[in-house]
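Visitor: here is the input, now give the coordinates:
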Amino acid sequence: QVQLVESGGGLVQAGGSLRLSCAASGRTFSNYVMGWFRQAPGKEREFVAAISVRGGGTTYAASLKGRFTIDRDNAKNTVHLQMNSLKPEDTADYYCAARTRTIVIDPSAYDYWGQGTKVTVSS
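Guide: This is a model prediction of the structure:
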């Protein structure tokens, strides 16, 4: 089992920045690909970004690349999502998730999930 706890969400004005964190515990963190997903009210959960087990590879949703950056610290069992130039349409609950093997963007392929952290971007 892997336990994931997100933090760092909140209310921010459009154009602002937030840095989300996800702290992992349980099994060896460096064995897992880590992903960030988001879900807006009334919408399906969508892929945001993912990072490989050692951090050498990253994948982003095409619409978010350039504004969002994912990174991880295996020594601290944490993964972060830096979000810049935020827009009202970025408002959602943000979740981190873990899976073994390779980066994929399908949320159903991830085995472990955090409880989410809410991000609200005001116009």
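
Visitor: residues contacting stretch 116-123, please?
Guide: Stretch 116-123 is contacted from outside by 6-14, 16, 18, 20, 38-39, 83, 86-95, using Cβ atoms under 8 Å, 6 or more residues apart in numbering. (Glycine included, C-beta is placed from N, CA and C.)

Visitor: rerun at 7 Å
Guide: 6-9, 11-14, 18, 20, 86-88, 90-95 (Cβ atoms under 7 Å, 6 or more residues apart in numbering).

Visitor: please save the CA atoms from it in PDB.
Guide: Backbone C-alpha positions of stretch 116-123 (Å, rounded to 0.1, in the frame of the first residue of the first chain) are rendered in PDB as follows:
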ATOM      1  CA  GLY A 116      -7.200  15.700  -3.300                       C
ATOM      2  CA  THR A 117      -6.500  19.300  -2.700                       C
ATOM      3  CA  LYS A 118      -8.800  22.100  -4.000                       C
ATOM      4  CA  VAL A 119      -7.500  24.800  -6.300                       C
ATOM      5  CA  THR A 120      -9.700  27.800  -7.000                       C
ATOM      6  CA  VAL A 121      -8.600  30.500  -9.500                       C
ATOM      7  CA  SER A 122     -10.600  33.700  -9.400                       C
ATOM      8  CA  SER A 123     -10.900  36.000 -12.400                       C
END
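
Visitor: that stretch: how far from the chain's middle?
Guide: Mean-position distance between stretch 116-123 and its chain equals 13 Å (Cα atoms, centre = their mean, to the nearest Å).

Visitor: begin at 48, not 1, for the rest of this chat.
Guide: All right, first residue 48 from here; so that's stretch 163-170.

Visitor: can you name the next helix or strand after whichever helix or strand Leu51 is part of?
Guide: Per DSSP states H and E: Leu51 is located in strand 49-54. Where DSSP H and E defines the elements, the next helix or strand beyond strand 49-54 is strand 57-60.

Visitor: who does that next one pair up with?
Guide: Sheet pairing of strand 57-60 (DSSP bridges) gives strand 164-169 (parallel).

Visitor: which outside residues touch stretch 53-62?
Guide: 65-69, 132-135, 141-143, 161-170.
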